[in-house]
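S.K.: When you get a sec, could you give me coordinates for this:
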Amino acid sequence: MEHRWSIRKSIQASVTLALPTWEKLQTNICDISLGGLAITCPHYPIPVNALVTLSFSLERDGRVSYHRLPAQVMYCGNTRVGFLFMESGRETLQALRETLYPPATKLSELIAGQSNAA
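M.R.: Alright, predicted model coming up:
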């Protein structure tokens, strides 16, 4: 059973992994949450508990933010590798929140638009 403290959202973005013993690896993000992300499985397994640095960007409302976070491999399966963010600063956490959850003003506008359409 998975224990998550935020939603997981599928996104299409690339990520660069820097592993201490290997060269950098570029792959695609499958999904992301406040606590971590999953990637499509590279051609070779990454050991569970390995420490990596993830570099990726998030786009929201036409703005792009760039992030570089330490992470730990929590899962390595046939098609995906899951990472837990070890430290995420305030700016990264805010960008993740905006990516995962619509801002309250937009949600209220959406609700108001639905009641006007009725």
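S.K.: where in the protein is pLDDT low?
M.R.: 1-5, 102-118 (pLDDT under 70).
S.K.: which residues of this structure fall in helices?
M.R.: Residue ranges of the helices in the chain, as given by DSSP state H, are 90-100, 104-117.
S.K.: Could you tell me which residues within the first one count as buried?
M.R.: Residues of helix 90-100 classed as buried: T92, A95, L96, T99, L100 (neighbour count, 16 or more other C-beta atoms under 10 Å). Placement of C-beta: from N, CA and C, glycine included.
S.K.: Next: stretch 66-77.
M.R.: Counting neighbours by 16+ other C-beta under 10 Å, stretch 66-77 gives H67, L69, A71, V73, C76 as buried.
S.K.: Going by distance to M86, which of those residues wins?
M.R.: For the buried residues of stretch 66-77, the residue nearest M86 by C-beta to C-beta is A71; the value is 5.8 Å.
S.K.: Now the closest one: closest residue in space that isn't a chain neighbour?
M.R.: F83 (4.1 Å; C-beta to C-beta, 6 or more residues apart in numbering).
S.K.: just checking, that neighbour touches I39?
M.R.: Yes: with contacts counted by C-beta atoms under 8 Å, F83 reaches I39, the gap being 7.4 Å.
S.K.: When the two are compared, which one has more neighbours?
M.R.: Between F83 and I39, counting by other C-beta atoms under 10 Å, F83 is the more crowded of the two (27 against 23).
S.K.: The residue most central in space within the chain: what's it in contact with?
M.R.: The centroid of the chain falls nearest to I32 when counting by C-alpha atoms, centre = their mean (2.9 Å). For I32, the contact set (C-beta atoms under 8 Å, 6 or more residues apart in numbering) comprises R8, K9, I11, A13, A38, L96, T99, L100.
S.K.: Q12: how many residues sit nearby?
M.R.: Neighbourhood size, Q12 [other C-beta under 10 Å]: 7.
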